[in-house]
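Enquirer: sequence and predicted model, in that order:
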Amino acid sequence: MKTLRLPIRIKILIMLLLANSTLVLAIFVANQIAFDKSFSDYVQSQTKARLEPVIEAFQQTMETQQNVDWLDRRSPHWKNLMRTYHQVSAANEALPKKRPKPSKDMRPPPRGERRGRGPSDKLFFKAPDGTLLVGRSSIVKDALWLPVYWPDKKEQKLGYIGVENGSMVTGKFETLFAKQQRQHFVVIAIIAFVVTFLLSIPFSKYLVRPILALRQRTKNLTSGDYSLSKQIIRRDELGQLESDMNLLAKTLAENLTARQRWIADISHELRTPIAVIKAEIEGMIDGVIEADEAQLDSLHEEIMRLTKLVNDLHQLSMSDRGSLSYEKSQMVLPELIERSLEKRKSELSHFDLQFDFSPRCFLFCDAHRMGQLFDNLLQNTLRYTDASSENKGMLDIKVNRIGQGVQVIWQDSSPGVGSEQLSHLFDRLYRTDSARNRKTGGSGLGLAICQNIIMAHNGEVHAEQSKLGGLKLTIEFKYKEN
């Protein structure tokens, strides 16, 4: 069974509609609650206003009677209070005195309205301790109570007078007004939802348009079109994504060029020694070249150069795909450098060597790979530095502890490297055109292998021109283990 996949435009449209519908519903509910609360307060204030003449009449009756024996719903005094309340309510309601004629399409008016007054027409009274003196307990639940005091003694409370449903909307015109307001709220909510729906359609198109453009851009990249897009106008996350896509296209184009150059360089590096070996062997077969010891040594030298190149390529490819094994342990870094220097002691006789290091320069590393690193650096110095018994070269090595690791500074004497070539020293098969490349034997892979070993040990390497006239390499290893 296939699952339904909605386009992102439809998803955005649904999300906008859900969000805006929730907002409209929240506003509608909030308005309803606020209106009901405000209108209830208004009804209570109107009820209190209607009770003021009743309270005055009640106080006058108490002043003449001087007791509460008359508090009975059948007494003439209580009926007089009821009459006063009904007169005030009728004046405020402005109800028609004549009862409307019933019709087939209309229900008969409520009982209270048939008598010419509102439904809330019952008065109650309870003592200060809450004892109900007038009224039935079953119908005083929603009553509105106001305190009543002695006429000349404001601090002495007589009790509480209440009105049936005094805080509820029961009047004819209040009910009609509340009903109309609720209808208006519903209409406004529906209009807001429709407007939201109409605005969400073009807005979702506006949001999806750059995404569709980026999708087409991705298809172009997969088909090999690495051309950069037009000037980026957007300044939001989609604009940043488009900028990242341009950077990706540029990187892919550079990688394609580098891969093509890499294949061409490898072909050239392999073709040259093979051509030499082939020419010498064919000369021996034809009898043009004698197969003596010197010629065999020349063939062996070419084969060794070819073998070293193939080994370097194999090792570099293994490092790129993470297949090189590293068995790391805590080592003293200066000791590893001393081992490499000791192996090339005879060749370093033509150098003024300066080796300084700080105590306790420990590093969690692979001793074999680190030895390979320093062997390559030393071989690079021996091959490309002017040094002889009459005019010695210079090699300065410093190992220092830094805040978060160990720093190795490796610099030699002239000839140097041009500033424009420093950024390419770690490229595969890259060799400068300066005097540092006038001797044969280098494949251009040594520094690339060194960089991979350094990165595998959580380090960084930086090349610059040395004050000694040659090349300065600054290597920083962090203590933190990956």
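Expert: Alright, I've got the coordinates.
Enquirer: and the spatially closest residue to Thr474 that is not a sequence neighbour, how many neighbours?
Expert: The spatial neighbour of Thr474 that comes closest, neighbours along the chain excluded (C-beta to C-beta, 6 or more residues apart in numbering), is His462 at 4.7 Å. C-betas here are computed from N, CA, C, even on glycine. Neighbours of His462 under the rule other C-beta atoms under 10 Å: 10.
Enquirer: Arg369 too?
Expert: 21.
Enquirer: against Ile27, how distant is the closest residue to it other than its chain neighbours?
Expert: Distances taken as C-beta to C-beta, 6+ apart put Ile453 closest to Arg369, at 5.1 Å, once the chain neighbours are dropped. Counting by C-beta to C-beta, to the nearest Å, the gap from Ile453 to Ile27 is 65 Å.
Enquirer: and Thr22, what element?
Expert: Assigned by DSSP states H and E, Thr22 belongs to helix 8-65.
Enquirer: moving C-terminal of that helix, what's the next helix or strand?
Expert: helix 76-93.
Enquirer: is it true that the residue nearest to Arg369 touches Gly371?
Expert: No: in this structure, Ile453 is not within contact of Gly371 by C-beta atoms under 8 Å, at 10.0 Å.
Enquirer: the two - which one has more neighbours?
Expert: Ile453 (23 against 17).
Enquirer: now do the SS call for the more buried one.
Expert: helix (DSSP: H, G, I helix; E, B strand; the rest coil).
Enquirer: that one: what's it in contact with?
Expert: Neighbour list for Ile453: 319, 369-370, 372-373 [criterion: C-beta atoms under 8 Å, 6 or more residues apart in numbering].
Enquirer: what's the lowest-pLDDT member of those residues?
Expert: Among the contacts of Ile453, Ser319 carries the lowest pLDDT, at 64.
Enquirer: re the thing from before, quick check: pLDDT value at the residue nearest to Arg369.
Expert: For Ile453, the pLDDT comes out at 84.
Enquirer: just the one 4 residues further on next, same as before
Expert: His457 carries a pLDDT value of 84.
Enquirer: burial check on it, number of neighbours?
Expert: Neighbour number of His457 under other C-beta under 10 Å is 21.
Enquirer: state the distance from it to Asp375.
Expert: 15 Å.
Enquirer: for Arg50, which non-adjacent residue is closest in space?
Expert: Counting by C-beta to C-beta, 6+ apart, Val88 is the residue found nearest to Arg50 once chain neighbours are left out, at 4.7 Å.
Enquirer: give the contact list for that neighbour.
Expert: Counting by C-beta under 8 Å, 6+ apart, Val88 touches 50, 53-54.
Enquirer: buried subset of those, written for PyMOL?
Expert: The buried subset of the contacts of Val88, as determined by 16 or more other C-beta atoms under 10 Å, is captured in PyMOL by this line:
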select buried, resi 50+54
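Enquirer: re earlier: from Asn380, how far out is the residue nearest to Arg369?
Expert: Ile453 sits 14 Å away from Asn380, taking C-beta to C-beta as the criterion.
Enquirer: show me which residues of stretch 206-217 are buried.
Expert: For stretch 206-217, by 16+ other C-beta under 10 Å, it's 208, 210, 214, 217.
Enquirer: ok, Tyr350 to Leu214 distance?
Expert: Wrong residue type there; residue 350 is His, not Tyr. Separation of His350 from Leu214 (C-beta to C-beta): 60 Å.
Enquirer: which stretches of the chain form helices?
Expert: Listed in chain order, the helices of the chain (DSSP state H) span 8-65, 76-93, 111-114, 172-222, 237-286, 293-320, 333-343, 367-384, 446-456.
Enquirer: Gln156: which of those helices is closest?
Expert: With C-beta to C-beta as the criterion, Gln156 lies closest to helix 8-65 of the helices of the chain, at 11.1 Å.
Enquirer: what angle do that closest one and helix 172-222 make?
Expert: Helix 8-65 and helix 172-222 meet at an angle of 160 degrees, taking axes from the mean of the first three to the mean of the last three C-alpha atoms, to 10 degrees as the criterion.
Enquirer: chain center to helix 8-65, what's the gap?
Expert: Its chain's C-alpha centre and that of helix 8-65 lie 42 Å apart, by C-alpha atoms, centre = their mean, to the nearest Å.
Enquirer: quick check: mean pLDDT across that helix?
Expert: In this model, helix 8-65 has a mean pLDDT of 79.
Enquirer: same deal with stretch 148-166?
Expert: Averaging pLDDT along stretch 148-166 gives 75.
Enquirer: picking that back up, make TSV out of the buried residues of stretch 206-217 and add distance to Leu132 and pLDDT.
Expert: As requested, the buried residues of stretch 206-217 are exported to TSV (distance: C-beta to C-beta, whole Å; pLDDT from 0 to 100):
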residue	distance to Leu132	pLDDT
Val208	69	79
Pro210	73	79
Leu214	76	80
Arg217	81	80
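Enquirer: with respect to Gly130, which of the residues you listed is nearest?
Expert: Val208 (67.2 Å).
Enquirer: how close does the closest one get to Asp312?
Expert: 51 Å.
Enquirer: and Asp225, by the same measure?
Expert: 35 Å.
Enquirer: of the two, who's got more company?
Expert: Neighbours per residue, other C-beta under 10 Å: of Asp225 and Asp312, the larger number sits with Asp312, 20 against 12.
Enquirer: buried ones in stretch 392-405, by neighbour count?
Expert: By neighbour count on 16+ other C-beta under 10 Å, the buried set for stretch 392-405 is 392-397, 399, 401, 405.
Enquirer: what lies in contact with that stretch?
Expert: For stretch 392-405, using C-beta under 8 Å, 6+ apart, the contacting residues are 333-334, 337, 348, 350-358, 360-361, 363, 381, 385-387, 406-413, 459, 468, 470, 476-480.
Enquirer: so which of these are in strands?
Expert: Among the contacts of stretch 392-405, DSSP state E puts 351-357, 363, 406-413, 459, 470, 476-478 in strands.
Enquirer: dump stretch 377-386 to CSV, restricted to CA.
Expert: Provided in CSV are the C-alpha atoms of stretch 377-386 (Å, rounded to 0.1, in the frame of the first residue of the first chain):
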residue,chain,number,x,y,z
LEU,A,377,59.7,16.0,7.0
LEU,A,378,63.3,15.2,7.3
GLN,A,379,63.5,13.7,3.8
ASN,A,380,61.8,16.8,2.5
THR,A,381,64.5,19.0,4.2
LEU,A,382,67.4,16.8,3.0
ARG,A,383,66.1,16.8,-0.6
TYR,A,384,65.3,20.5,-1.0
THR,A,385,67.9,22.3,1.1
ASP,A,386,71.2,23.6,-0.2
